[in-house]
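Novice: Just the structure for this:
(one chain, ligands or ions: 2)
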Amino acid sequence: MRSVSLLGATGSIGSSTLDVIRRHKDEFKLHAIAACKSVDKTVGIIKEFKPQRVALFDEESAVKLKEILKEKNLYTEVLAGAEGVEEIAGDGASDIVVDAIVGAAGLKPVLAAVKTGCVIALANKEALVMSGKIFFEQVKKYDAKVLPVDSEHSAIFQCLPYEAQENLGYCNLKAANVNKILLTGSGGPFRELPLDKLKDVTAAQAIAHPVWSMGPKISVDSATMMNKGLEFIEARYLFNATDEDVQVVIHPQSVIHSMVSYKDGAVLAQLGNPDMRTPIAVALGFPERIASGVEPIDFTKVGTLTFTSPDFNRYPCLKLAMQASKSGQAATTALNAANEVAVAAFLKEQIAYLDIAKVVDGVLQKIETAELTEIEQVLELDSKARTIAQKIIGEL
Ligand code: NAD
Ligand code: MG
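Specialist: Numbering: from 1, shown residues only. Ligands and ions are numbered 1, 2, ... in the order given. The predicted model follows:
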């Protein structure tokens, strides 16, 4: 029996993770959950899985949750605020901590989990984009183990040899005779929209992803391909890769979830239906394969698979992310913060779709890109970049 703590339990990845755990109740026990403020969903999870502890970031929601649990005679301990979420993540009582919080909010909790030396199943790519180098230093120091949940990184992971899988953050791609990592992306809902129409794209259109069903922020990121940019940076850290080692390929059908090309000309790919329960099951079960509830692909129904290079005129956010990756951790932290602020403003219809890239670019031009060595410096820059982003939005 392995015990699991699930951060971001009420979200899209959270629900898929619960569904995998539900299928393996004799193998996994949910020790603790954390979420932002969805009280009703949290009550539902507590009723079904009876975790020992829960933390809600939003203090008022935590008070409400406490009252409801008392009425229902449910004895889960309730914690509140950012400290509560960190306490849940770092209490050391779990073998596996799944970080499925969205955005920078997932960083401090996951670092608290790393300190317990557990297995980290990482969906929260923003944490790595902000702190990759420092994060993996901590992973080494506390002998934690990272397993990717992001579908592309799970695919790459599955196509790498065991020594590399066992050593994420420090693996040696050259020694494994890897020629290139091919990071695939669907290109989002506006892949074929005439470029002059992009300015009119609405939030509702952007969150209706053609293939994957996901939370609102990552859906917008998929439309702009900032998601692929963040994943480019994520791949560099996870697989200890250079910018040149990773190539982004547009593959609209999302049948192949990414590939690894080897020196001998062989290219290994991982294929499957677009359902996050597969990469979640890979991370929870590793090194074993466990059932996820996902049907295998019916290849007689797949049709044609196509591949193209991304057009940076259509996806300026991808270009900005790749440039930030070259520049270093300060730039990637600022990029992530600016993007979070810009996407939130776009979802609230305060800025237009094309403004997202403008805000990110504006912030990147204004920050200093000195090397960050401490997590406090990362958080300080994150906050500074957010302030600059808000200012740019105000001036648009
Ligand atoms: P979502 O918006 O559906 O869920 C986010 C979760 O985080 C919710 O449970 C929310 O309550 C919680 N949360 C937000 N702020 C919090 C805070 N301050 N403290 C504690 N909990 C907080 O998002 P999602 O689509 O599930 O994505 C989660 C993460 O996984 C993101 O980093 C995303 O990039 C990554 N990811 C998602 C998918 C996908 O298919 N949805 C695929 C790959 C990677
Ligand atoms: Mg992904």
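
Novice: starting at the chain centroid, how far to stretch 321-335?
Specialist: Relative to its parent chain, stretch 321-335 has a centroid offset of 17 Å by C-alpha atoms, centre = their mean, to the nearest Å.

Novice: what about the longest helix anywhere in the chain and ligand 1, touching?
Specialist: Secondary structure of the chain per DSSP state H: the longest helix is helix 375-395. No - using C-beta under 6 Å from any ligand atom, no contact is recorded between helix 375-395 and ligand 1, whose separation bottoms out at 13.4 Å. Any C-beta I mention is one placed from the backbone N, CA and C, and that applies to glycine too.

Novice: What of stretch 96-104?
Specialist: Yes - Stretch 96-104 lies in contact with ligand 1 when judged by C-beta under 6 Å from any ligand atom; the contacting residues are Ala100, Ile101, Val102.

Novice: if I pick Ala100, what's in contact with it?
Specialist: Taking C-beta atoms under 8 Å, 6 or more residues apart in numbering as the contact definition, Ala100 lies against Leu6, Leu7, Gly8, Ala9, Gly11, Ile13, Gly14, Thr17, Gly106, Ala123, Asn124, Val149.

Novice: and the nearest residue to Thr184 once chain neighbours are set aside, how many neighbours does it have?
Specialist: Nearest in space to Thr184, with sequence neighbours left out and distances taken as C-beta to C-beta, 6 or more residues apart in numbering, is His251 at 4.2 Å. Burial of His251 is recorded as 21 neighbouring residues (other C-beta atoms under 10 Å).

Novice: ok, His251 - contacts?
Specialist: Taking C-beta under 8 Å, 6+ apart as the contact definition, His251 lies against Thr184, Gly185, Ser186, Leu305, Thr306, Phe307.

Novice: got it, and Leu173?
Specialist: For Leu173, the set of contacting residues under the criterion of C-beta under 8 Å, 6+ apart consists of Ala164, Ile181, Phe239, Asn240, Ala241, Asp245.

Novice: Where does the stretch 101-250 of the chain get nearest to ligand 1, residue-wise?
Specialist: With C-beta to the nearest ligand atom, the shortest gap between the stretch 101-250 of the chain and ligand 1 falls at Gly215, namely 2.7 Å.

Novice: Report pLDDT for the spatially closest residue to that residue that is not a sequence neighbour.
Specialist: Once flanking residues are discounted, Gly215 sits nearest to Ser12: 4.7 Å by C-beta to C-beta, 6+ apart. According to the prediction, Ser12 has pLDDT 95.

Novice: what do you get for Gly215?
Specialist: The score at Gly215 is 88. That number is its pLDDT.

Novice: same check, this time on Lys263
Specialist: The confidence metric pLDDT takes the value 98 at Lys263.

Novice: burial count for it?
Specialist: The number of residues packed around Lys263, counting by other C-beta under 10 Å, is 11.

Novice: Spit out the contact partners of it.
Specialist: Residues in contact with Lys263 (C-beta under 8 Å, 6+ apart) are Asn177, Val178, Asn179.
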